[in-house]
Every structure is written in C-alpha cells, then in structure tokens.
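Colleague: the amino acid sequence is not available; the structure is as follows:
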C-alpha cells in the first residue's frame, strides 16, 4: 500500500528537550515536505526537499531542522522545542514538479511542548 | 506573492442539502488549484485539482469545483451532502514552476442529520 508514515503520532515533551519526528514514504517520491497546522492558520510549510541532500526553507523554518540522507526518509528535528511549537505536524511527498502534482500526506503528529 | 482566502471558517448544512465552499486566490501569474479534504484524525487527501483545460473539475465523492479566472475563484460544490462529508476542506494554490503550495485556512463542513 502506498503511504506516508510518521512517528510518533502523539508526543508530549518539555521545553528544550531535543526531539525527532520521523517521516517515511514508500512511493519513491523525490519531493518531500513538512507542514504545521494551527487553528485559524491552515497549513504552513516548514521545510521541503527536492531530492536526497537537497533541502530548503519553507514559510516557517525557525526552530526546525531537517535532513534528507535517503530518498524515502525526511525527519523533522526540533533541537530545543518551545511551547509555540505545539502544533499538528504533517509530512507529505509527491513526484517532482510539485506545482501540479498531488501531495500525499502522512497521518499527522500531534506535539505538545510544556 | 500568492495567497488563498477561505472566507467561511465553518459551514453547517443539513444532510442531502447542497453546499458551496468558497475559495479565492490572488496571483498575477498562471496557477494550479487544489482542494484537499481532512477527515477527523487523518491526514489530508486530494479531492480534485485544476491544471488546465475545462474550468469545471470533477473530483471524488461527488464534489466538483469551477475555476473562474476573472473572479480568481475556485469554489467547491456538492449537490447533496452526506454525513460522511463532515470534514475540514482546504483550498490550495501553486504557481507554475514553483516548489511550494499555499494553503487556505480551511473550512470546517458539518453535515447535520
């Protein structure tokens, strides 16, 4: 089954404790991205990757890091989480030529930073 | 710069009634337009998209949308909704050659039995 998986699905942590949210896709997609979803703000892109070892900032990259060492994986790293990063996070993947391609989303990771 | 406006944050509608969810975008260049749906506790999935050609686009689950270039709109419609259509709907726009997608703030559709 074609899918995007994220782990963990739910996470409660404390300010300053480094965490990583994993994302993996089995569709051999070149393009992957991370979004955060907040009430009243919709989805905002954090980072994206056009291919292995190629990453770039989205609209709200502050406080986040990513890496793309393998095509299928695109982890999101919060080096020192803060309460304003409490949110619902989605990973997505698509074929190249993002502008018109369908994006496939993971189930989401709900993060609470105390 | 591109932006997407979904004026209605919540739309309640009775089962079997028609519904229209509004989406307007701003862009000075050619765009591609999308509607995604998010069912409770799930990720987003594509409902339909407009790339070119016919301005009336049909999607899954009986939804359709019409691209209106002069009004810069891409409203989503369904002639008769079901309880299972209760979800959040996001309009999104991308620009030819761009590497990102801009989402609206979403419209929560609640179908009332």
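Modeller: Thanks, I have it. All values reported here derive from a predicted model rather than from experimental measurement.

Colleague: what's next to stretch B:55-71, contact-wise?
Modeller: Residues from elsewhere that reach stretch B:55-71 (CB atoms under 8 Å, 6 or more residues apart in numbering or on different chains): B:23-24, B:33, B:35, B:46-50, B:73-80, B:85. The way it works is simple: take the backbone N, C-alpha and C, and place the C-beta from them, glycine included.

Colleague: got a ChimeraX select line for the buried ones in those?
Modeller: The ChimeraX selection below is limited to those of the contacts of stretch B:55-71 classed as buried (16 or more other CB atoms under 10 Å in any protein chain shown):
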select /B:23,24,33,35,46,47,48,49,50,73,74,75,76,78,85
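
Colleague: so where's the chain uncertain?
Modeller: Since you didn't name a chain, this refers to chain A. A:97-98 (pLDDT under 70).

Colleague: I was after chain B.
Modeller: In chain B, residues with pLDDT under 70: B:1.

Colleague: quick check on residue B:85: phi, psi?
Modeller: phi -80, psi -10 (degrees, to the nearest 10).

Colleague: now swap in residue A:85 and tell me
Modeller: phi -100, psi 0.

Colleague: so it sits right up against residue A:61, yeah?
Modeller: No - checked against CB atoms under 8 Å, the pair residue A:85 and residue A:61 is beyond contact range at 11.9 Å.

Colleague: so residue 92 is in which element?
Modeller: Just going to use chain A. Using DSSP states H and E, residue A:92 sits in strand A:87-94.

Colleague: sorry, should have said chain B
Modeller: Here residue B:92 is assigned to strand B:87-95, by DSSP H and E.

Colleague: same check on residue A:35?
Modeller: Assigned by DSSP H and E, residue A:35 falls within strand A:31-38.

Colleague: who's the residue in chain A that chain B sits nearest to bridged to?
Modeller: Of all residues in chain A, residue A:105 sits closest to chain B, at 3.5 Å by CB to the nearest CB. Residue A:105 has the following beta-bridge partners by DSSP bridges: residue A:92.

Colleague: show me where chain A has strands.
Modeller: A:4-7, A:10-13, A:19-25, A:31-38, A:42-51, A:54-57, A:65-66, A:76-78, A:87-94, A:104-105, A:109-113 (DSSP state E).

Colleague: rewinding a little: which helices and strands does the strand holding residue A:92 pack with?
Modeller: Other elements packing on strand A:87-94 under the criterion 3 or more CB pairs under 8 Å, 6 or more residues apart in numbering or on different chains; DSSP states H and E are strand A:4-7, strand A:19-25, strand A:31-38, strand A:104-105, strand A:109-113.

Colleague: could you redo the last one with a cut-off of 10 Å?
Modeller: strand A:4-7, strand A:19-25, strand A:31-38, strand A:42-51, strand A:76-78, strand A:104-105, strand A:109-113 (3 or more CB pairs under 10 Å, 6 or more residues apart in numbering or on different chains; DSSP states H and E).

Colleague: can you redo the ones you listed as TSV with mean neighbour count?
Modeller: Shown next, in TSV, are these (neighbours: other CB atoms under 10 Å in any protein chain shown):
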stretch	mean neighbour count
strand A:4-7	18
strand A:19-25	18
strand A:31-38	23
strand A:42-51	20
strand A:76-78	19
strand A:104-105	22
strand A:109-113	18
